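*Asks:* predicted structure and sequence below. I'll ask about it afterward.
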Amino acid sequence: MDVLEIADALSRAIMDRDLESIRTLYADDVRVWHSYDRVEQDRAETLDFLRGFFEAASEVLYTDIRRVRSEDGYVQQHVIHVTFADGRRIEPRPACIVAKVEGGKVTRIDEYIEPRRAAA
């Protein structure tokens, strides 16, 4: 798969709340870092976090998606919209993902989300 196809597949898996597809796209030693907490997670920690997030969210939507190839992966900008099962919504916020891809797997993600809104 081309890196932009991997980017599209990962975005679709997140919007579909499909943990198995995400697991397949991530390398075993993937590292995921978030700007809002400055914590780097391994694969198991990331999948556990996403599992809880997906259980709480009834809808996750990316809009205004823009992607470009980078030397070792891709950069994606988008706006994330989240609706929780109880009907609460997080104000849409801009995000940027800088991803490294090796051997058809995502090996690193640095995710930047506007901090004022990330905790809402």
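*Replies:* Received, thanks.
*Asks:* and the spatially most distant residue from the centre of the chain, which helix or strand is it part of?
*Replies:* Centroid-distance maximum for the chain: D86 at 22.3 Å, with CA atoms, centre = their mean. Under the criterion DSSP states H and E, no helix or strand holds D86.
*Asks:* what segments of this protein are strands?
*Replies:* Per DSSP state E, the chain carries strands over the ranges 26-34, 40-41, 57-70, 73-84, 89-102, 105-113.
*Asks:* can you list the low-confidence ranges for this structure?
*Replies:* 115-120 (pLDDT under 70).
*Asks:* could you dump the strands of the chain into TSV and include distance to S11 and mean neighbour count?
*Replies:* Placement of C-beta: from N, CA and C, glycine included. As requested, those are exported to TSV (distance: least, CB to CB, whole Å; neighbours: other CB atoms under 10 Å):
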stretch	distance to S11	mean neighbour count
strand 26-34	14	17
strand 40-41	19	16
strand 57-70	5	13
strand 73-84	7	17
strand 89-102	9	17
strand 105-113	11	18
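*Asks:* number of residues surrounding A7?
*Replies:* By the measure other CB atoms under 10 Å, the count of residues near A7 is 24.
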